[in-house]
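**Q** Got a predicted structure plus its sequence, pasted below:
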Amino acid sequence: MQMQQKKKINGLSQPTNRKEKFKKTMRQLKSESVLYLMLLPTLVFFVIFRLWPIIGMRLAFFQYSARKDWTFVGLEYFKMIFKTSAFTDILKNTLIISFMKFIMLFPFFVLFAILLNEIRSIRFRKYVQVVSYLPHFLSWVVIAGIWIAALSPTTGAVNQIMGFFHLPSVDFMTDKTKIRWILMISEAWRSIGWDSIFYFTAILNIPRSLYEAAEIDGAGRISTIRYIILPALVVPMVTMFILNLGFFLNAGFDQVFNFSNDAILSSVDILDTYIYRVGIQSAQYSLSTAVSLIKGVVGIILVFITHIVAKKITGKGVW
């Protein structure tokens, strides 16, 4: 009898709890309606430009037709991709450029945040922050124009400086051995200020008492950075590194498209530019969708692998 009564009580209490939770949620939504309205445009953007296109990924398994009567071809386009002789070189370029931009540049963002924190003059620090943030808000069209003009073999500032020291003029923008480094350095110039904000904020959140304790113990600036600042940056570094790996195959279409020319195309031709040529210029929509799907799947796999490894090593991951 007691068990039956408990079941009846539990059966009655669950709907009551659900109703109370629902009412509580609705009250919270009503009280914070302004905040949710501010969030609405961002949610709409992600639904339209991020979630909805996922449905269109099925085109990778169909032969496209403007009449909507698509023919199912299975993995035919994926086989075609890997049989293409140029695909290996394009994939190689993508991996090299992505490695230079995502892996080799990663420590410099952390280092810049630490150096920014070491500036004692608040006024000068704000000036450095503003100057370093500004390039992030420029489009790659503008940035490419600035760099191409600066690296011009005849009128460029770099070659004029080299000429002052009696060094031979170099056409950087048509040199296959230098163009990837130019992509990396221009990416650093554009992103180092903006991408360091996350780490600089983490440094500012370190309790002042830790600095005072280190000062009492006689720790210098190097020791303070090593034993206080760097440990506080471990979690942000792991989080950003994992998230960046999700975009590892996105070597930067805007940048490469604006910096590339026929002379160096074989060294900078990446998956994104290949998708542009095949999908937009050649109208092979199914083939370009298959390449995009490969990029997305590889990105997800990299995020999961890095998350698991980071969880085992540091105990922290993305989730």
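**A** Thanks, I have it. Residues are numbered from 1 along each chain as shown.
**Q** Doesn't residue 74 belong to a helix?
**A** No. Under DSSP: H, G, I helix; E, B strand; the rest coil, residue 74 falls outside any helix and is assigned coil.
**Q** ok, it touching residue 62?
**A** No. Taking CB atoms under 8 Å as the contact criterion, residue 74 and residue 62 are not neighbours in contact, 9.3 Å apart. Heads up, the C-betas are built off the backbone N, CA and C, glycines and all.
**Q** Neighbours of residue 235, how many?
**A** Using other CB atoms under 10 Å, residue 235 has 15 other residues around it.
**Q** Also residue 196?
**A** One way to gauge burial is a neighbour count; for residue 196, by other CB under 10 Å, it gives 24.
**Q** Contact partners for it?
**A** With contacts defined as CB atoms under 8 Å, 6 or more residues apart in numbering, residue 196 is in contact with 109-110, 112-113, 116, 132.
**Q** 10 Å instead?
**A** Taking CB atoms under 10 Å, 6 or more residues apart in numbering as the definition of contact, the neighbours of residue 196 are 108-117, 129, 132-133, 203.
**Q** Report the buried residues of stretch 173-186.
**A** Neighbour-count burial for stretch 173-186 flags 173, 178-180, 182-184, 186 (criterion: 16 or more other CB atoms under 10 Å).
**Q** Pick the one among the residues you listed closest to residue 306.
**A** residue 184 (21.4 Å; CB to CB).
**Q** still on that earlier bit, just the buried residues from the contacts of residue 196, in PyMOL please.
**A** The following PyMOL selection, which keeps only the buried ones among these, applies the criterion 16+ other CB under 10 Å:
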select buried, resi 109+110+112+113+114+116+117+129+132+203
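**Q** Same list (the contacts of residue 196) but as CSV, adding pLDDT, distance to residue 33 and secondary structure.
**A** What follows is the contacts of residue 196, written out as CSV (pLDDT from 0 to 100; distance: CB to CB, whole Å; DSSP: H, G, I helix; E, B strand; the rest coil):
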residue, pLDDT, distance to residue 33, secondary structure
108, 94, 43, helix
109, 94, 37, helix
110, 93, 39, helix
111, 94, 43, helix
112, 95, 40, helix
113, 93, 37, helix
114, 93, 41, helix
115, 92, 43, helix
116, 92, 38, helix
117, 90, 39, helix
129, 90, 35, helix
132, 92, 38, helix
133, 91, 33, helix
203, 92, 36, helix
